[in-house]
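[1] predicted model and sequence below, questions to follow.
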Amino acid sequence: MIDPAETAAAHETLDPTDLEGLRTLAHRMVDDAFDDLARLPERPVWRPMPEDLAPRFETPAPRTGVGAEAAYGQYRSQVVPYLMGNDHPRFWGWYVGNGTMVGALGAFLAAASNPNLGGGNHAAVRVEQQVLRWCAELLGFPLDAGGLMVGGASMANLVGWTVARHVHAGVDVRAEGIAAIPEPLVAYASVEVHSCHQRSAELLGLGAHALRLIPTDDAYRIDLAALRRAVHEDRAAGRKPFLVIGNAGTINTGAIDDLDAIADLCAEERLRFHVDGAIGAMIGLAPALAPLLRGIERADSIALDLHKWMHVPFEAGLVLVRDAAAQRATFETSPAYLAHAPRGLAGGATWLTDFGLETSRDFKALKVWLSWMDRGVDAYGRMMQRNVDQAHHLAARVEREPLLELMAPVGLDIVCFRVHPEGWSEERLDALNRELLMRVHESGVAVPSYTTLDGKYCLRVAIGNHRSTFEDFDVFVDALLKMADEVEA
Ligand SMILES: Cc1ncc(COP(=O)(O)O)c(C=O)c1O
């Protein structure tokens, strides 16, 4: 009879059979990543994946492996050339960061040791708590504030909303549900607020209409008089205003609401004040920009996205909640299998799972921790200031070019403009600029993105790039003007 303990299956693990071989491959991966970084500017920002590669991504699940070396070969040849391109100096699309090599190494180390930060008494939890405390310190928040790292600002904002609903529901909403809330809850933000807030209102059962979208002034900041009027009207109609969201950098134009004035209004009207700082919460690191954020320190909660202007590799969202007890009361559950012990690995006063939706949580704090320890946070402030200066450099060029039209005041590092040949109808301008956007992308010269402002389609350069040089913007404008000539002709 065969002894089961002697069969290969009894000893199989997922560790490499050839440890030294994998070590060599790992070194090659690191070398390739560094070589790619050195050659970044020579590469097109983006290129489409050839159609004939598509079938390679439709094959059945591999029942037997081909080995790490072959898998990596396929990744290098079939995936790497067609990635998003947001590591490139001329990527200015949507609002995504570049990442950094130290951050990438942090992501690798986090995965290599693979702790779960849902709970327990271990060092990785301390690292996340330290990152949270650093953010609180940099934003002028109390150091004992609650907080959590999450995937991104959509989730960070949802946490802020959920705590607000819990605090203001007027009933035990966790037990009774929203049907028991006596007066419908209403939240407020400017029309420029990110669409993830609508999803928060929907997910929390309040409905999208519970988020009132307030008009803005010419600089795309919330109109405070209109906000106050809306609060009073809702209250008079028997609804319960509970939350105002202030923007610290809107997605369209980078506008920053008057956060101090919103804090005053919230104090007077007894409303909760949440700041969506996905783009701009950290601009205080640039001394000249810091005054724009005045009042952020008075918020009840703040959402940040460290994978945007702080360039931590995805994902690195973060939320701070002034009142840690309220955050905990919103989410904490106490099943027997997650009970905290007085000592041992199940010890530890703070289990981060009690502060949000997720039980299993990765060690995303490490890439932040290593990055900030490496360069110091002031370096990020210098990059932000340079991006803001570059935005003004680009806007000045746009204003000098007869064919270009600036579409909004420059907010932080975002420039919205369009190509505008004289005498063209709005319809033709729309079609022209849409075509040019695609041509610019397909040329590989740059990746700007797009938006619609006051019903007009425009190109949108959201810089957030620590690798862009001033010349990069001229390269882009020169190429755009050339393409505009071709399309016009
Ligand atoms: C102001 C603002 N809020 C929220 C979000 C959503 O963030 P995420 O994509 O990280 O979920 C974004 C994304 O661009 C944003 O700019």
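    Yes, it's here.
[2] quick one: contacts of whichever strand or helix holds residue 72?
    Assessed by DSSP states H and E, residue 72 sits inside helix 68-78. Here helix 68-78 makes contact (C-beta atoms under 8 Å, 6 or more residues apart in numbering) with 16, 21, 22, 25, 29, 32, 53, 56, 65. The way it works is simple: take the backbone N, C-alpha and C, and place the C-beta from them, glycine included.
[3] what confidence value was assigned to the residue nearest to the second one when sequence neighbours are not counted?
    Counting by C-beta to C-beta, 6 or more residues apart in numbering, the nearest residue to residue 21 once its immediate chain neighbours are dropped is residue 69, at 7.6 Å. Turning to residue 69, the model gives it a pLDDT of 97.
[4] for residue 69, give its distance to residue 81.
    19 Å (C-beta to C-beta, to the nearest Å).
[5] please apply the same query to residue 303.
    Per C-beta to C-beta, residue 303 is found 34 Å from residue 81.
[6] tell me the contacts of the residue of the stretch 151-300 of the chain found nearest the ligand?
    Here the residue of the stretch 151-300 of the chain nearest the ligand is residue 152; by C-beta to the nearest ligand atom that distance is 2.4 Å. Listed by C-beta under 8 Å, 6+ apart, the contact set of residue 152 reads 278, 305, 307, 314, 315, 316, 317.
[7] ok, and the closest non-adjacent residue to it?
    Nearest residue to residue 152, sequence neighbours excluded (C-beta to C-beta, 6+ apart): residue 317, at 3.9 Å.
[8] interface residues of the stretch 201-350 of the chain facing the ligand?
    Contact residues, the stretch 201-350 of the chain versus the ligand (C-beta under 6 Å from any ligand atom): 251, 276, 278, 279, 305, 317.
[9] which strand residues bridge the last one?
    In this case it means residue 317. Beta bridges link residue 317 to residue 150, residue 305, judged by DSSP bridges.
[10] per-residue confidence at the nearest residue in space to residue 338 that is not next to it in sequence?
    In space, and not counting its chain neighbours, residue 338 is closest to residue 119: 6.5 Å by C-beta to C-beta, 6+ apart. Residue 119 is assigned 94 on the pLDDT scale.
[11] same check on residue 10?
    The predicted local confidence for residue 10 is 86.
[12] with only the CA atoms kept, save stretch 162-177 in PDB.
    Taking Å, rounded to 0.1, in the frame of the first residue of the first chain, the C-alpha atoms of stretch 162-177 are listed here in PDB:
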ATOM      1  CA  THR A 162     -22.400  56.500   6.400                       C
ATOM      2  CA  VAL A 163     -21.100  58.000   9.600                       C
ATOM      3  CA  ALA A 164     -23.100  61.100   8.900                       C
ATOM      4  CA  ARG A 165     -26.300  59.100   8.400                       C
ATOM      5  CA  HIS A 166     -25.700  57.100  11.600                       C
ATOM      6  CA  VAL A 167     -25.200  60.300  13.600                       C
ATOM      7  CA  HIS A 168     -28.100  62.300  12.200                       C
ATOM      8  CA  ALA A 169     -30.700  59.600  11.500                       C
ATOM      9  CA  GLY A 170     -32.600  60.300  14.700                       C
ATOM     10  CA  VAL A 171     -33.200  56.600  15.100                       C
ATOM     11  CA  ASP A 172     -31.000  53.600  15.400                       C
ATOM     12  CA  VAL A 173     -30.600  53.300  11.700                       C
ATOM     13  CA  ARG A 174     -28.400  50.200  11.900                       C
ATOM     14  CA  ALA A 175     -31.200  48.300  13.700                       C
ATOM     15  CA  GLU A 176     -34.300  49.900  12.300                       C
ATOM     16  CA  GLY A 177     -33.100  50.800   8.800                       C
END
